[in-house]
Structures are given as structure tokens and as C-alpha cells.
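> Show me how the following folds:
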Amino acid sequence: MILRNPLNDNIQDYPPFDGFTKDGIGFLKQLKKNNNRDWFNLHKQDYEINVKLPMQSLILDLKPLLQKFVPDFVVDPKRSIFRIYRDTRFSKNKTPYKTHIAAIFQPTKNWKDSAGLYLHIEPDEVYLGGGMYMPSTDDLKKIRSSIANYPNKFLSIIESKNFKSFFKTIEGDKLKRVPPGFSPNDDMAEWLKMKQFFISYSMKEEECYKKTFPSKTANIFEIMMPLVRFINEAIHTD
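Model (predicted):
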């Protein structure tokens, strides 16, 4: 195992991923009960060693697996991981810390405005997501136009055996009526009402403790990618 000081961000080496730690899940449980700065500052090194570092090792193990089918995605132990600190400026919930650890993987180009892959670990649940949660008005119109113009391509993705086995359908909020610019009689009318386009897959907490977790995660992400590509092609194809 490579020894690393988790508080020194200049060191690039990470230990192999041997499973997410039960101590890390325990820390997140305790953080939920003690979500305040005094407690976190007192236990920050526990977070760095038992939560952040295993997540970074996981991302590093995922990188070669994901590069087989998304070589243009950013999969980086530093850049992909979300900060533990919550943005409370516009929230009624003023607790300062997230009680989960998460990472996102998106295309190197146009990464801020692209569909991507999401990994989330918290006590009692491991969550994988794919797609676009909050598309802009312009991007939403492009996605809907692509669905209307290429219905067979879209349906071949969401009606495939793999897709239905793992995700059943696309999740997200939808309008009550077909939006302006599209016919209410369009065969794809129900999909054109969608305001969000994402899919998810949940696993039991125990899955993240296994050495096989990176390969299982990569397999699920690969099944998500046809929808992710469809969205990105709709948004970024001139």
C-alpha cells in the first residue's frame, strides 16, 4: 500500500481501493448527528482518512475502467470529487456539511453544460446517476428537439433490454402540457414534457465495501452512457 498524508494535497499517490471503509460510513452517521463546525473541525482528519481518501482511491480505480467507453470524461481524484461543505446561501437548511460523499464525471469539453455520471455514497445507500438534472432552457429545447427529430434513436435507448432491466424509465419533473414549439399530437409528446432527464441505480451500502465495487459501478455507468451521449449530442452538435 502506498502511504500518503491525506492532508497534503501535493502528493499524487493514493492507496489501492480495497473497499470503502465502515469507519467512513460511521463518520458520516456521526456527522449527521453533529452537523456543526466545532465537531467537524475536531474530527476533520477522520474525514480526510476514512471518507475522502477512500473515495479518491475509488475514483482512481474507476479511471481505467471508465476510459474504455468514455475516454473524453474527466475522472480525477481531485477534480471529480465534491466538497463536503454545503452552499447554504439560498437554503433554509443551514447545516454546514453534506452527510454523504459524491463525485461527478463529465466530458472534458463543455463539462459545465453536459450530461454526466454521478456517484454518491451515504449510510444505507449507494446511488449511481446518469443524465442531466438541471438543463438550461436552451439545452432543454435542444434535447426535446432531438427527441422529436430522432424518435427511433431515443426509443431504442430507453426501450432496450439493458435499460429497462436496470432503470425502468427516465426520472425527473415534467410539464402538464407539451411545451410551445412542439405538437401535442406528437408521438413523443410524453417525453417532450420532461424538464429533467436522468436515470438512477441504487445499491445497498454493503456493495461499497467490496473490492468489486469499482467494476460493478463501471458496468452500470456503461449502461447509462447511451442516454448520456444522446443528451450531449443534442446539446453540443451544431
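> which other helices and strands contact the helix or strand where M224 lies?
M224 is part of helix 213-236, with elements assigned from DSSP states H and E. Judged by 3 or more C-beta pairs under 8 Å, 6 or more residues apart in numbering; DSSP states H and E, helix 213-236 is in contact with helix 53-67, strand 116-122, strand 125-132, helix 137-149, helix 151-158, helix 161-166, strand 197-203. The C-beta positions use only the backbone N, C-alpha and C, and glycine is treated the same way.
> where does this protein have low pLDDT?
1-12, 110-112, 238 (pLDDT under 70).
> Spatially central residue in it, please.
Y118 (0.9 Å; C-alpha atoms, centre = their mean).
> doesn't A102 make contact with that one?
Yes: contact criterion C-beta atoms under 8 Å: Y118 and A102 qualify, at 6.8 Å.
> Look at the residue sitting furthest away from the middle of the chain and tell me its secondary structure.
For the chain, the largest distance from the centre (C-alpha atoms, centre = their mean) belongs to N185, which lies 34.0 Å off. Following DSSP: H, G, I helix; E, B strand; the rest coil, N185 is assigned to coil.
> before we move on, the earlier item: tell me the spacing between the residue nearest to the centre of the chain and I104.
Distance check for Y118 against I104: by C-beta to C-beta, to the nearest Å, it reads 5 Å.
> tally of neighbours for F163?
As a burial measure, F163 scores 19 neighbours (other C-beta atoms under 10 Å).
> quick one: contacts for it?
Shown in contact with F163 (C-beta atoms under 8 Å, 6 or more residues apart in numbering): I157, I199, I223, P226, L227.
> Just grab the bridge partners of the second one for me.
Going back to what we said before, that points to I199. Judged by DSSP bridges, the bridge partners of I199 are G130.
> please begin residue numbering at 439 from this point
Let's use 439 as the start, then, which means that last one is I637.
> burial count for it?
I637 has 22 nearby residues by other C-beta under 10 Å.
> hang on, it packs against G567?
Yes: look at I637 against G567 with C-beta under 8 Å: they come within range, at 7.0 Å.
> which residues do those two both contact?
In contact with both I637 and G567: M662, using C-beta under 8 Å, 6+ apart.
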